[in-house]
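>>> model this:
(one chain, ligands or ions: 1)
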Amino acid sequence: MQKLKKKLYQLSITEISELIKKNQVSSVDIVNSVLNRIEEVDSSIHGYITVDKERALERAQEIDRLIVKLSPDERPPLIGVPIAVKDNICTKGLKTTCASRSLGEFIPPYNATVIQKLLDQGAVIIGKTNLDEFAMGSSTETSCFGPSRNPWNTDYTPGGSSGGSASVIAADEAICAVGSDTGGSIRQPASFCGVVGLKPTYGRVSRFGLVAFASSLDQIGPLTKNVTDCALLLQAISGHDVKDSTSFNIQVPDYRGYLLNDLKGLKIGVPHEYFGEGLDEGVEEKVQQSLSFFQNLGAEIEKVNLPHTEYAVATYYILATAEASSNLARYDGVRYGFREEEFNDLIDMYEKSKQKGFGAEVKRRIMLGTYVLSSGYYDAYYLKAQKVRTLIKKDFEKAFQKIDILLTPTTPIPAFKIGEKINDPLQMYLLDIFTISANLAGIPAISIPCGFSGKGLPIGLQLLADHFQEEKILQAAYAFEQNFDIQKDRPPLNRSENH
Ligand code: GLN
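Modelled structure (predicted):
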């Protein structure tokens, strides 16, 4: 075997796929390398809730027996690749907790469609990653298992809610991961951890087996080390599913075919509403720099308006909480969820089970959601929010009539410290300002690294496209990644101040 410069756990999907094609590594080698890495670093990152060590190794052995039966060209790109899964996506026989006490012991009897697709293509599930409870949050601090930490500096949050998935990719504790994004939960942690994260168009990927948070907004998507891996993983999980009536029955393009190093004629819109008050100077500087970079690659930059942006946070937190309050009603301790052992009657049992089963943030959302749906307030809040959602959608429709993609910062600030914002929910919600509009409009958006802050924390830029045009943002992201030297101001990982 040719001597590798990198350790196996540091490789991308693309690199592993090449080595597997040439019979230069086995899946067992890769899985062992990733498991050792987890052993070595996860006690300081806490990216995983469950590491499925034994089954991952068994599966890798099984895959290795399969690999030898296939000719190199018959080996799918994900064959033998260890993948981490956010712990709100159902995995048959493997605990799926949603980082909630209420589902702490839940072992799904079936696989989510995305999991089945990944397994059909030879992937190895290595474990389940930490998240904010029921994906409600922006820092993994609402997890009942405690927060994950940012590998770039363990005093800082990796973001959320897919903070576990992003941190394990940044710390090389998995080759790739899947997460879910309802208001930014893939893109925000990707940006905080310096990895690539994509929220697909609403309807591109099946949500069958994703524990529902806000059903009109939720999507599953990839978190990866680079854009090519992102395209490969998106390809693997996309497509219509009869088990999810919101998934679209339209052809999935060959995403990898769009990864060209050429952006001539691409029109990039820059919405000025995303560059105002509250945007950190360092973030602004890096995003502006990237704009001139895109220009040098042949793209044309145009100013656009998304006038209803300022209402996005309020609209989202009405609709998402309304949907959450309805979706979470099922965890009553009867068929699903934690049940308090001692109670007086049925109502008392419900009350005690929910009181102990849910954490503070989930309770806050259920109360907010119940309030905005209640008969006296429905029109003033829920109905109005639906109307504003339409206006936000129309802003994008109008913009995409004259431009191909939009470019914005992913988040107004780089990662913040653990504990810094958890007691101020409004501050936390406001940080979602740049990511939630894509969910409200149902359009695809990607976050890719574009530099580092003065404190050595990653900064992400966001690219958005019209419905089912993931290939456009992948193409732009790929060209940027190929030409932009992100390594030049890259600080070492784990520069913790206190640890
Ligand atoms: N941070 C947002 C929230 O708290 C988004 C969460 C998500 O996308 N799951 O709701």
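>>> and stretch 333-340, how far out from the chain's middle?
For stretch 333-340, the separation from the chain centroid amounts to 28 Å (computed by CA atoms, centre = their mean, to the nearest Å).
>>> Distance across it, terminal residue to terminal residue?
The separation between the terminal residues of stretch 333-340, taken as CA to CA, to the nearest Å, is 8 Å.
>>> what sits up against it?
Residues from elsewhere that reach stretch 333-340, judged by CB atoms under 8 Å, 6 or more residues apart in numbering: 101-106, 330-331, 349-350, 352-357. All C-beta spots, glycine's among them, are computed from the backbone N, C-alpha and C.
>>> can you pick the most crowded of those residues?
When the contacts of stretch 333-340 are compared by neighbour count (other CB atoms under 10 Å), residue 102 ends up highest, at 26 neighbours.
>>> So residue 19: helix, strand or coil?
Counting by DSSP: H, G, I helix; E, B strand; the rest coil, the backbone at residue 19 sits in helix.
>>> shouldn't it be in contact with residue 27?
No. No contact is recorded between residue 19 and residue 27 when judged using CB atoms under 8 Å, the distance being 10.5 Å.
>>> Neighbour count: these two, which is higher?
Using other CB under 10 Å as the criterion, residue 19 and residue 27 rank with residue 27 on top: 27 against 19.
>>> How much space separates the more buried one from residue 168?
From residue 27 over to residue 168 the distance is 18 Å, taken as CB to CB, to the nearest Å.
>>> Likewise for residue 185?
Noted for residue 185: a distance of 15 Å to residue 168, by CB to CB.
>>> again, but for residue 309
Look at residue 309 and residue 168: by CB to CB, they are 32 Å apart.
>>> neighbours of residue 277, just the number please.
By the other CB under 10 Å criterion, the neighbourhood of residue 277 contains 5 residues.
>>> Quick check: it vs the ligand, distance?
20 Å (CB to the nearest ligand atom, to the nearest Å).
>>> do residue 17 as well
Taken as CB to the nearest ligand atom, the spacing of residue 17 relative to the ligand amounts to 30 Å.
>>> Could you give the number of residues near that residue?
Using other CB under 10 Å as the criterion, residue 17 is surrounded by 20 other residues.
>>> List the residues that contact the nearest residue in space to it that is not next to it in sequence.
Leaving aside its sequence neighbours, residue 17 sits nearest to residue 77 (CB to CB, 6 or more residues apart in numbering; 4.5 Å). Applying CB under 8 Å, 6+ apart to residue 77 gives the contacts 13, 14, 17, 121, 232, 236.
>>> ok, now how distant is the fifth one from residue 225?
Residue 232 is 11 Å from residue 225, where distance means CB to CB.
>>> cool, and the third one?
Here the distance between residue 17 and residue 225 works out to 13 Å (CB to CB).
>>> Tell me the secondary structure at residue 461.
Each residue gets one of three states, and residue 461 gets strand by three-state DSSP.
>>> So the residue nearest to it when sequence neighbours are not counted: helix, strand or coil?
Once its chain neighbours are removed from consideration, residue 461 has its nearest residue in residue 450; the separation is 4.3 Å (CB to CB, 6+ apart). For residue 450, the reduced secondary structure class is strand; criterion used: three-state DSSP.
>>> returning to what we had before: nearest to the ligand, out of the contacts of stretch 333-340: which one, please.
The closest of the contacts of stretch 333-340 to the ligand turns out to be residue 103 (CB to the nearest ligand atom; 15.7 Å).
>>> ok, now which ones touch that closest one?
Neighbouring residues of residue 103 by CB under 8 Å, 6+ apart: 96, 97, 211, 331, 336, 337, 338.
>>> Please report phi then psi for the fifth one.
In other words, residue 336. Dihedral pair for residue 336: phi -130, psi 150, per degrees, to the nearest 10.
>>> how about the residues of the stretch 351-499 of the chain that lie near the ligand?
If contacts are counted using CB under 6 Å from any ligand atom, the residues of the stretch 351-499 of the chain sitting beside the ligand are residue 432.
>>> what about the closest residue to the ligand within the stretch 351-499 of the chain, how many residues close to it?
When distances are taken as CB to the nearest ligand atom, the stretch 351-499 of the chain reaches nearest to the ligand at residue 432, 4.8 Å away. For residue 432, the count of nearby residues is 23 (other CB under 10 Å).
>>> Before I go, just wanted to say thanks for your time.
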